[in-house]
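In: Got a predicted model here, sequence first, then my questions.
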There are 2 protein chains.
Amino acid sequence: MNIKEIAKKAGVSVATVSRVLNHPESVASDTKERILTVIKESEYTPNWFARGLNFNKTNTIALLIPNILNPGYMEIAKGVEDVAHQKDYTTLLCNGENDVSKERRYADSLIKRRVDGIVLVSSLLEDEDVELIKKQGIPVVLIGENRNISDVSIVRIDCQGAAYKAVRHLIDIGYRDIAIIYGDTPEIENMRKLEGYRHALSEEGIPDREELILVAPNTVEGGYIAAKKLIDMEKRPRAIFASSDLLAFGVIDAMKDFGLKVPEEIAVMGFDNIRMSNLIEPKLTTVEKPMHKMGVLGARLLFDLMDSKEEEDSANREILLQSKLKIRKSCGHRERIGEIF
Amino acid sequence: MNIKEIAKKAGVSVATVSRVLNHPESVASDTKERILTVIKESEYTPNWFARGLNFNKTNTIALLIPNILNPGYMEIAKGVEDVAHQKDYTTLLCNGENDVSKERRYADSLIKRRVDGIVLVSSLLEDEDVELIKKQGIPVVLIGENRNISDVSIVRIDCQGAAYKAVRHLIDIGYRDIAIIYGDTPEIENMRKLEGYRHALSEEGIPDREELILVAPNTVEGGYIAAKKLIDMEKRPRAIFASSDLLAFGVIDAMKDFGLKVPEEIAVMGFDNIRMSNLIEPKLTTVEKPMHKMGVLGARLLFDLMDSKEEEDSANREILLQSKLKIRKSCGHRERIGEIF
DNA sequence: ATGAAAGCGCTAACAG
DNA sequence: CTGTTAGCGCTTTCAT
């Protein structure tokens, strides 16, 4: 069923049919109605490709995230989708699986598909990849820091500052032997968290103990295994700062399996404040990362870029969000409960 | 940059360029190479729309799920995506948000976009909606039961049987006052679970206590609130069967808040076996629903349909999966540990 | 207000 | 092996 058949059935030219579809105001209301009924009866849907060929616009944005099984990323996705949906855009959700080559394949495919814009979340892509995309006239925004991409608009949080405050809190409530387990991905953000950790310790004159600094796959299992190493140490730490809640869950699980009480025998601090973090036992003290908001702001930024594509104000924008400490049970606490900053 | 310019630069006709793109074997290797370099240098990407206009195929399937924040659904999504990616298809992930009208909007948009196939997960759509899609020549498969759609291929699990076994287990280990909290979505599946619950009780001659049957929004919060009602009862139940792990998490959280020990004072059974269910305290006894597998099988089914679109073997197929009980701590237990069936 | 016709960029017969 | 050309279905001047 195509526009020609509709035109014939309605006894008009294709141009008129096209007009009622695109500029209905410019068609006499009786012909318009006639055509409209024919369209309805014939269950006619204008061919997407033919339209696209003329408009060269897809009304689609893409969202490339590292892992759809990670609830944090899905909250970001929800934020992006919320604003896209509101603007009547479809969003293509792509699962990069923390694999550069897979991300690259997606990027290619997205360029081909001529999406109108791309949001990259904690991407592993590099400057050249992004350059390629932008060269095709497709705006890009990053959510979350990335070592390899510089020339791009971004929304991110102050990881270092947040980690600093988290460790600072641990110190404030009396801990000194503090370990850190940081995830392997996203790399840069975790390096920043490590810096924040080091900063807090050194500020307090606490000597570095390199064996207390562990990397792990950013999963529950990763946390478990790393925690096991810490447990087996002769000089076991009294507190553990995990760079994500998922890791922290693994840590707490290990503590249970090996009979160590949290927080009485060992304190655990997370990062992200995903939904589950106040459902596990003990409820997790963690850094609240405003995921949904990051998604929303990222999408808005992207739409801004898309609207102003032609103009010259191509300066990259950067949105920096702060995160708050969410104090619950897993670290023990004195008088202060709730959000302290 | 279009095919014409490439042709000119390479000193050949557009047909030849098109050939190296689609049937490279039919082009002399020296001309081919020349053209290829021009393409590379010019960073030329064939226009997706023009191609689509000829092929009338998008290499895209769509996946419509009720809630991207629900980890169970994302596991299904992962399954679908895995097989699609392997076949070099892109998958469009749409978030219906348990809202029929939103789902309908998506369905419309997907028809327009001429996706090659659609997987509906626990959809709220009705037969007519699906009819509309199929009439456009787009194959559809359902994952999870649905009251309103009958004429379609489907992969599902035996909810009633699974619920029966779950409650049966509760009875076997000594409970008689068993409440059920079932989620409002997906409706049909939860009705089946309710039937399974009733069946198990009546089989044992345990009288129905209607006040022990509660509906709730299928979220952690929903479980919490429903559990609160149960706690406040004069004749409080000794066990609670929740129709999803999310609900069960809410239930357990409520028990903690109100000082009831699980399972000593009250047993809690979940459904789904999502990743978190063995991380909470106590580890959740639950029904293992093979989400990823459902996604994989659903996608395979869809590709089968897509391949045989023209042929007449349009009989709907149905794949019925069984689920296993995953016995952990939250219900207490006698000798049996592990999977019993 | 409506129609005729020229593209949009690409593919695939058909000829050579 | 390669070029010419007729569409694919739609939008949009340009006439009328």
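Out: Yep, it's here. Residues are numbered from 1 along each chain as shown, chains lettered A, B, ... in the order given.

In: helix, strand or coil for the residue lying closest to residue A:168 once chain neighbours are set aside?
Out: Distances taken as CB to CB, 6 or more residues apart in numbering or on different chains place residue A:200 nearest to residue A:168, at 4.8 Å, with adjacent residues excluded. (Glycine included, C-beta is placed from N, CA and C.) The three-state label given to residue A:200 by DSSP: H, G, I helix; E, B strand; the rest coil is helix.

In: what about residue A:200, neighbour count?
Out: The number of residues packed around residue A:200, counting by other CB atoms under 10 Å in any protein chain shown, is 22.

In: pLDDT at it, what is it?
Out: Looking at residue A:200, its pLDDT stands at 97.

In: Next to DNA strand C in this structure, residues from the stretch 1-150 of chain A, please.
Out: With CB under 7 Å from any atom of the strand as the criterion, the stretch 1-150 of chain A meets DNA strand C at residues A:11-16, A:19, A:26-28, A:30-32, A:50, A:53-54.

In: let's see it at 6 Å
Out: Within the stretch 1-150 of chain A, the positions near DNA strand C by CB under 6 Å from any atom of the strand are A:12-16, A:26-28, A:31, A:53-54.

In: Could you dump the residues you listed into a markdown table and include pLDDT and secondary structure?
Out: A markdown table is the format used below for these (pLDDT from 0 to 100; DSSP: H, G, I helix; E, B strand; the rest coil):
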| residue | pLDDT | secondary structure |
| --- | --- | --- |
| A:12 | 94 | coil |
| A:13 | 93 | coil |
| A:14 | 93 | helix |
| A:15 | 93 | helix |
| A:16 | 95 | helix |
| A:26 | 91 | helix |
| A:27 | 92 | coil |
| A:28 | 93 | coil |
| A:31 | 93 | helix |
| A:53 | 91 | helix |
| A:54 | 90 | helix |
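
In: Span of stretch A:148-161 from start to end?
Out: One end of stretch A:148-161 sits 21 Å from the other (CA to CA, to the nearest Å).

In: Would you mark the buried spots in that stretch?
Out: A:149, A:152-161 (16 or more other CB atoms under 10 Å in any protein chain shown).

In: tell me the mean pLDDT over that stretch?
Out: 93.

In: That one: how far from the chain's middle?
Out: Distance, stretch centre to chain centre, for stretch A:148-161: 12 Å (CA atoms, centre = their mean, to the nearest Å).

In: ok, for residue A:39, nearest residue in space, not its chain neighbours?
Out: In space, residue A:39 is closest to residue A:6, 5.9 Å off (CB to CB, 6+ apart).

In: What about the buried residues of stretch A:148-161, which are in helices?
Out: Cross-referencing those against helices under DSSP state H gives A:159-161.

In: number of nearby residues for residue A:209?
Out: The number of residues packed around residue A:209, counting by other CB under 10 Å, is 14.

In: For it, list the residues it contacts.
Out: Residues counted as contacts of residue A:209 (CB atoms under 8 Å, 6 or more residues apart in numbering or on different chains) are A:177, A:235.

In: Now residue A:71. Nearest residue, chain neighbours left out?
Out: Nearest to residue A:71 is residue A:274, by CB to CB, 6+ apart, at 5.0 Å.

In: Hmm, that neighbour is touching residue A:249, no?
Out: No. Counting by CB atoms under 8 Å, residue A:274 does not reach residue A:249; the two are 9.2 Å apart.

In: and residue A:214, what element?
Out: Assigned by DSSP states H and E, residue A:214 belongs to strand A:213-216.

In: Report the buried residues of whichever helix or strand comes after that strand.
Out: Next in sequence after strand A:213-216, counting helices and strands by DSSP H and E, comes helix A:220-231. For helix A:220-231, burial by neighbour count (16+ other CB under 10 Å) applies to A:220, A:222-227, A:230-231.

In: next one: stretch A:131-144
Out: Residues of stretch A:131-144 classed as buried: A:132-134, A:138-144 (neighbour count, 16+ other CB under 10 Å).

In: so can I have TSV of the residues of the stretch 1-150 of chain A next to DNA strand C showing distance to residue A:331 and neighbour count?
Out: Output for these, formatted as TSV (distance: CB to CB, whole Å; neighbours: other CB atoms under 10 Å in any protein chain shown):
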residue	distance to residue A:331	neighbour count
A:12	73	19
A:13	74	13
A:14	70	14
A:15	70	9
A:16	71	21
A:26	67	10
A:27	68	19
A:28	73	10
A:31	72	16
A:53	59	16
A:54	60	11
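
In: out of those residues, what pair is the most spread apart?
Out: Comparing all pairs in these by CB to CB, the longest separation belongs to A:28 and A:53, at 28.2 Å.

In: which stretches of the stretch 151-300 of chain A form helices?
Out: Taking DSSP state H, counting those that start in this stretch as the criterion, the stretch 151-300 of chain A contains helices spanning A:159-172, A:187-203, A:220-231, A:245-257, A:291-307.

In: which other residues reach the second one?
Out: Contacts to helix A:187-203, defined as CB under 8 Å, 6+ apart, come from residues A:122, A:144-147, A:159-168, A:171, A:178, A:180, A:182-184, A:208, A:213, A:218, A:241, A:243, A:271.

In: Could you give me the PyMOL selection string for whichever of these are buried?
Out: Buried residues within the contacts of helix A:187-203, by 16+ other CB under 10 Å, are selected in PyMOL with:
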select buried, chain A and resi 122+144+145+146+159+160+161+162+163+164+165+166+167+168+171+178+180+182+183+218+241+243+271
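
In: which residues touch stretch A:35-45?
Out: A:1-3, A:5-6, A:9-10, A:12, A:16-17, A:20, A:27, B:111-112, B:132, B:135-136.

In: So stretch A:239-248, near chain B or not?
Out: No. Applying CB under 8 Å from any CB of the partner chain, one finds stretch A:239-248 separated from chain B by no less than 9.4 Å.

In: Can you get me the start-to-end distance on that stretch?
Out: OK, stretch A:239-248 end separation, CA to CA: 11 Å.

In: Check stretch A:113-130 too.
Out: Stretch A:113-130 has an end-to-end distance of 16 Å (criterion: CA to CA).

In: How many neighbouring residues does residue A:207 have?
Out: 7.

In: how near is it to residue A:71?
Out: Note on residue A:207: its distance to residue A:71, by CB to CB, to the nearest Å, is 37 Å.

In: do the same with residue A:34
Out: On the measure of CB to CB, residue A:34 and residue A:71 end up 52 Å apart.

In: Name the residue in these two with the higher neighbour count.
Out: residue A:71 (22 against 17).

In: Test my guess that the more buried one contacts residue A:275.
Out: Yes. The pair residue A:71 / residue A:275 is scored as a contact, 6.4 Å apart, by CB under 8 Å.

In: so what sits against both of these two?
Out: Shared contacts of residue A:71 and residue A:275, defined by CB under 8 Å, 6+ apart, are found at residue B:69.

In: show me the contacts for the residue in the stretch 201-341 of chain A that chain B sits nearest to.
Out: Residue of the stretch 201-341 of chain A nearest chain B, by CB to the nearest CB: residue A:281 (3.5 Å). By CB under 8 Å, 6+ apart, the contact set of residue A:281 is A:252, B:256, B:280-281.

In: Residue A:30 now?
Out: No residues are in contact with residue A:30 under the rule CB under 8 Å, 6+ apart.

In: what's the answer for residue A:306, then?
Out: A:116-117, A:139.

In: same question, residue A:95
Out: Per CB under 8 Å, 6+ apart, neighbours of residue A:95: A:65, A:67-68, B:78, B:81.

In: one more time with 7 Å
Out: Residue A:95 makes contacts with A:65, A:67-68, B:81, as judged by CB atoms under 7 Å, 6 or more residues apart in numbering or on different chains.

In: quick one: it from DNA strand D, how far?
Out: 32 Å (CB to the nearest atom of the strand, to the nearest Å).

In: Just list whatever residues bridge to that residue.
Out: Following DSSP bridges, residue A:95 is listed with bridge partners residue A:65.
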